[in-house]
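Engineer: could you look at this predicted model? Sequence included:
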Amino acid sequence: HVQLVESGGGSVQAGGSLTLSCVVSSYPYGRYCVAWFRQAPGKEREGVAGIESDGSTSYADSVKGRFTISQDSAKNILYLQMHSLKPGDTAMYYCAAKKDGANWSRGDDYNYWGQGTQVTVS
């Protein structure tokens, strides 16, 4: 059973950095995708970054060049390094996992979700 637990959120000033972590208990069998999503109050959920089982990564245009998604060598932890944070990055951040890698940013395709960690940029 896939379980995801996020940590690392907090409050930071604009221009600062944070690194989010997501402990992944196991991965869907075969090809999979794990990703970070975020949702701000009153806004739709947005795919932030995804990484597939072959190591390929994808990013939302709004975070390219500022955020980096990665896994530790054992692939037990998913990271999201966030730099040059802006107030517009304020949201609840979730990690999610699904089988196969197509349409990484489509949240409805994901079967497994963490509980979320809050990021506030002021």
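Structural biologist: Happy to help now that I have it.

Engineer: can you tell me the number of residues neighbouring the residue nearest to V48 when sequence neighbours are not counted?
Structural biologist: With C-beta to C-beta, 6 or more residues apart in numbering as the measure, W36 is the residue that lies nearest to V48, at 4.4 Å, once sequence neighbours are left out. Where you see a C-beta, it was placed from the backbone N, CA and C, and this is true even at glycine. Around W36 sit 27 other residues, with neighbours defined as other C-beta atoms under 10 Å.

Engineer: who does W36 bridge with?
Structural biologist: According to DSSP bridges, the partner residues bridging W36 are A49, C95.

Engineer: that one reaches A97, doesn't it?
Structural biologist: No: under the contact definition of C-beta atoms under 8 Å, W36 does not touch A97, with a separation of 11.0 Å.

Engineer: mind listing what the residue nearest in space to the middle of the chain touches?
Structural biologist: The central residue of the chain, meaning the one whose C-alpha is nearest the mean C-alpha position (C-alpha atoms, centre = their mean), is W36 at 1.6 Å. Applying C-beta atoms under 8 Å, 6 or more residues apart in numbering, one finds that W36 lies in contact with 20, 22, 47-50, 69, 78, 80, 93-96.

Engineer: done for today, thanks.
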